[in-house]
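[1] could you work out the structure for the sequence below:
(2 chains)
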Amino acid sequence: MMKLSALQQSYLNRRPGSFRGAAPLDSSADGAIKSPAAVFWLVLHGLCCLISLVLGFRFSRLVFFFIFSTSVTTNTNHFMAPFRQLTTTTTAADVALDLPSNPVGDAALNGTRVVVGRHGIRIRPWPHPDPIEVMKAHQIIERVQREQRNQFVVKNPRTVIAVTPTYVRTFQTLHLTGVVHSLMLVPYDVMWIVVEAGGVTNETAAIISKSGVKTIHIGVDEKMPNTWEGRHKLEAKMRLRALRVVREKRLDGIVMFADDSNVHSMELFDEIQSTNWFGAVSIGILAHSGGAEELSSFAAVEKEVEEKEKKQAIPVQGPACNASSKLAGWHTFDTQPYEGNNAIFIDDRATVLPMKMEWAGFVLNSRLLWKDVEDKPHWSRDLDSVVDDDIESPLSLLKDPSMVEPLGSCGKQVLLWWLRVEARADSKFPAG
Amino acid sequence: MEIRNCVFALILCHAAFVSCAVGLGRNPPTERISGSAGDVLEDDPVGRLKVFVYELPSKYNKKILQKDQRCLNHMFAAEIYMHRFLLSSPVRTLNPAEADWFYTPVYTTCDLTPNGLPLPFKSPRMMRSAIQLISSNWPYWNRTEGADHFFVVPHDFGACFHYQEEKAIERGILTMLRRATLVQTFGQRNHVCLKEGSITVPPYAPPQKMQSHLIPEKTPRAIFVYFRGLFYDVGNDPEGGYYARGARAAVWENFKDNPLFDISTEHPTTYYEDMQRAVFCLCPLGWAPWSPRLVEAVVFGCIPVIIADDIVLPFADAIPWEEIGVFVDEKDVPNLDTILTSIPPETILRKQRLLANPSMKQAMLFPQPAQPGDAFHQVLNGLARKLPHDKSIYLAPGQKVLNWTAGPVGDLKPW
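    Numbers count the residues shown, from 1 in each chain, chains lettered A, B, ... in the order given. All right, here's what the predicted structure looks like:
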């Protein structure tokens, strides 16, 4: 909206608080007899005030513009007001005699000028964003952000070796695709070892081939049992199988356990790069109630739970540090409120409880698993000496569990979320 | 011999390793700042000059402060903190015979309206009264008529003692201060109120408040241009054209619908945090050319875009402002987006590196207690660079150069 005002305002003192336009004075206000000219100006001024009141803007400028514009020619460089003097008072005569300068409304000029005040406001002909400039600005922002990220980038990043135990079931596509997407976003090299219960299947192979990362797909002949306890045991065996593959192939990198229904944040992958030998991260436990039918009875239990655990919003499992940021112990999930109400079978509509120490909360340097490595720390056990049946968490791989490094600002950052959701045994995942 | 060589080589290797290790750490890259005076931001003024602080009656300083404690927090607080700093600084000397510079602690910017704005109407009389006092009680003023004295005058137009530019120009610098060195925030080339040899300082910005609003450096800078403040001064100049010489209104009219420009008149609580998420911060002139936005932009790493023709920025001889900020002429404001997007990214990254230099941020602040490299020390450095005094400033006994009765009649009334 361009203001086409023409009347040049005379500059008045800037008084803090008020700034009024020129008011034509009645020059002979004290006399009873008023001169006709003064009366005329008074009447005109009153009329103008009334009309402005009705219309809502000072139309006197418009009037002067129309009266004087025909006679004055444009001067493209006529920017400044003709007078620089300060005038402390104005009279009606001055107002009438103010020479308006033509508005520089010609779009062909470099810029338009709203002629107000002494300096005017410069507005260009098309005061809207130019798409090319916007593009360039975004490129600048992208470059600045890249530079910012580079300050915090990990030097010498190591390959992330993700170990995922899985088996064919209704929600496998759902969960595994989540892991696929997480791994695709990892900015480092990824080697994905997928261990499948019940042997290698085409369904699983189809899902993991979409990831685009290097995968090793192994099958374990045993079928997945339908109890949670059995599942935990078999998954532990499957993970050990994957660790043996790491050992055999002498894969170099950092081993992390990406369970297929867990949710991983991208910061997790940045944080584990700083692992020396064996690290632990905090997991947020999303233990949820079962189905709708159980809701009413569960609501009663939930209230109890709420009262007991008012302080903790979401339970977290992970390392606990003392004041000097050294590992002091472990936060674990309190299963007591869920006693007797937890799911036994995989498709039970009840709360699924995590194990005492989830595998997903630990990361280890793959060199810990290698044979014949000289600088392996003395507090780690050799993989061959581990018997399959008694291993519950990777801590069994260590002789001295106090050597675990707490990651994520000493366990204060929750970098991944544990979740177990499985469908009823007879349901089918939609095809396609 | 060989053992010594081995040890030497070992030390070198260790030094190289340490410097590499430091480089691998998560520190933002910075660049050294060297202005026209050289690498002087980190100079230590102690030992290079001696300052004598006149003991004025408390009606000139303490009593004024007692009347209104708000003076400690507003942007003119530098005069008070400078006094406190000098009282306990190692450059202070109690023996005026050996002093190079003389400081008069008079708080001229502490007469506040209920809104908190300082009124300059009594300041000339206050200053004049103080000078009369020091000239009659000590011989050092008359020796040079103030040429080796310095005063802190942080108000809008410095020692012109008025908030309105036309009035300030009309008054000019207070006659008695015409030979002294002025430490002021105002700086504009070819202006009556900027004297040759003045030291320009940044306005006071509360350092604790800014420190408490820092966000992690990892936060990506996603705002292109940021500004919060008035575009039209509705109380005094509703149509525009006088306030900021029309520059702020031009910014608004040209860029109000541009998504790259995050500009508005709001007062958000996240003002400091937002500045840390922006690449450019506009620092346009207002009624006076300087503004605390410059300090805030430097502290928060946002490149200042200075829209004020002929402005003289703080410590201009020590800080190369051309390399750190972007200067845009007021007539080029409609093309601001073209100007900013045509800056090559390498230049922008370099400016950010210069801003990340901690000595740069420190030089803009007035922390309590004073820290090395802060604005207090930069003022002392500036004073030290003016030494030794030229022999011509010393007047013959009884010789008078200044006209003590010049100026508006109202100034001559005693305070």
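[2] so what's the residue in chain B that chain A sits nearest to up against?
    Closest residue of chain B to chain A, Cβ to the nearest Cβ: B:Gly241 (1.9 Å). C-betas here are computed from N, CA, C, even on glycine. Contacts for B:Gly241 (Cβ atoms under 8 Å, 6 or more residues apart in numbering or on different chains) come out as A:9, A:114-121, B:249.
[3] for it, which non-adjacent residue is closest in space?
    Once flanking residues are discounted, B:Gly241 sits nearest to A:Gly117: 1.9 Å by Cβ to Cβ, 6 or more residues apart in numbering or on different chains.
[4] all helices for the stretch 1-150 of chain B, in order.
    All helices of the stretch 1-150 of chain B, identified by DSSP state H, counting those that start in this stretch, fall at B:2-24, B:62-67, B:78-87, B:123-137, B:140-144.
[5] which one of those helices has the lowest average pLDDT?
    Lowest mean pLDDT within the helices of the stretch 1-150 of chain B: helix B:2-24, a mean of 47.
[6] related to what we said a few turns ago, so the residue nearest to B:Gly241 touches B:Gly240, yeah?
    Yes. At 6.3 Å, A:Gly117 and B:Gly240 qualify as touching, with contact defined as Cβ atoms under 8 Å.
[7] quick one: which of the two has more around it?
    B:Gly240 (25 against 20; other Cβ atoms under 10 Å in any protein chain shown).
[8] any idea of the pLDDT on that one?
    So B:Gly240 comes in at 80 (pLDDT).
[9] next up, the contacts around it.
    A:114, A:116-117, A:121, B:231-232, B:246, B:249.
[10] so the residue in the stretch 51-200 of chain A that chain B sits nearest to is in which element?
    Using Cβ to the nearest Cβ, the single residue of the stretch 51-200 of chain A nearest to chain B is A:Gly117, 1.9 Å away. Using DSSP states H and E, A:Gly117 sits within no helix or strand.
[11] state the distance from it to B:Pro114.
    29 Å (Cβ to Cβ, to the nearest Å).
[12] picking that back up, and for A:Gly117 and B:Gly240, which residues touch both?
    With Cβ under 8 Å, 6+ apart, A:Gly117 and B:Gly240 have common neighbours B:Gly246.
[13] which ones are touching B:Ala316?
    Shown in contact with B:Ala316 (Cβ under 8 Å, 6+ apart): B:35, B:187, B:200.
[14] and it, helix, strand or coil?
    Three-state call for B:Ala316 (DSSP: H, G, I helix; E, B strand; the rest coil): coil.
[15] can you tell me how far it sits from B:Leu387?
    From B:Ala316 across to B:Leu387, the span is 19 Å (Cβ to Cβ).
[16] same question for A:Gly361.
    Using Cβ to Cβ, A:Gly361 is found at 66 Å from B:Leu387.
[17] so for those two, which sits in the more crowded spot?
    Taking other Cβ under 10 Å, A:Gly361 and B:Leu387 do not tie; A:Gly361 has more neighbours (26 against 12).
[18] do stretch A:415-432 and chain B meet?
    No. Stretch A:415-432 does not reach chain B (Cβ under 8 Å from any Cβ of the partner chain); its nearest approach is 15.4 Å.
[19] end to end, how far does stretch A:359-376 reach?
    Across stretch A:359-376, the terminal residues are separated by 21 Å (Cα to Cα, to the nearest Å).
[20] distance between that stretch and the chain's centre?
    Taking Cα atoms, centre = their mean, to the nearest Å, one finds stretch A:359-376 lying 34 Å from the centre of the chain it belongs to.
[21] sorry, back to before: want to throw the contacts of B:Ala316 into a markdown table with pLDDT, distance to chain A and neighbour count?
    Output for these, formatted as a markdown table (pLDDT from 0 to 100; distance: Cβ to the nearest Cβ, whole Å; neighbours: other Cβ atoms under 10 Å in any protein chain shown):
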| residue | pLDDT | distance to chain A | neighbour count |
| --- | --- | --- | --- |
| B:Gly35 | 75 | 25 | 18 |
| B:Gly187 | 90 | 20 | 23 |
| B:Thr200 | 94 | 24 | 23 |
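[22] make a markdown table from those and add distance to B:Leu41 to it.
    Formatted as a markdown table, these follow (distance: Cβ to Cβ, whole Å):
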| residue | distance to B:Leu41 |
| --- | --- |
| B:Gly35 | 8 |
| B:Gly187 | 18 |
| B:Thr200 | 15 |
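[23] nearest to B:Trp101 among these?
    B:Thr200 (17.2 Å; Cβ to Cβ).
[24] which one is the closest one nearest to, not counting chain neighbours?
    B:Gly187 (4.1 Å).
[25] please verify my assumption that that neighbour contacts B:Ala288.
    No. B:Gly187 is beyond contact range of B:Ala288, at 9.8 Å (criterion: Cβ under 8 Å).
[26] nearest residue to B:Pro28 other than its sequence neighbours?
    The shortest distance from B:Pro28 to any non-neighbouring residue, by Cβ to Cβ, 6+ apart, is to B:Ala356 (4.6 Å).
[27] an error on my part: the question was meant for B:Glu98.
    The nearest residue in space to B:Glu98 (Cβ to Cβ, 6+ apart) is B:Lys50, at 5.8 Å.
[28] equivalent analysis for B:His213, please.
    Closest to B:His213 by Cβ to Cβ, 6+ apart is B:Tyr272, at 3.6 Å.
[29] cool, A:Ser380 as well?
    A:Leu368 (5.2 Å).
[30] who's in contact with that neighbour?
    For A:Leu368, the contacting residues are A:277-278, A:376-377, A:380, A:397, by Cβ under 8 Å, 6+ apart.
[31] around chain A, pick out the residues from the stretch 51-200 of chain B.
    Close to chain A, as judged by Cβ under 8 Å from any Cβ, the stretch 51-200 of chain B has residues B:163-164, B:166.
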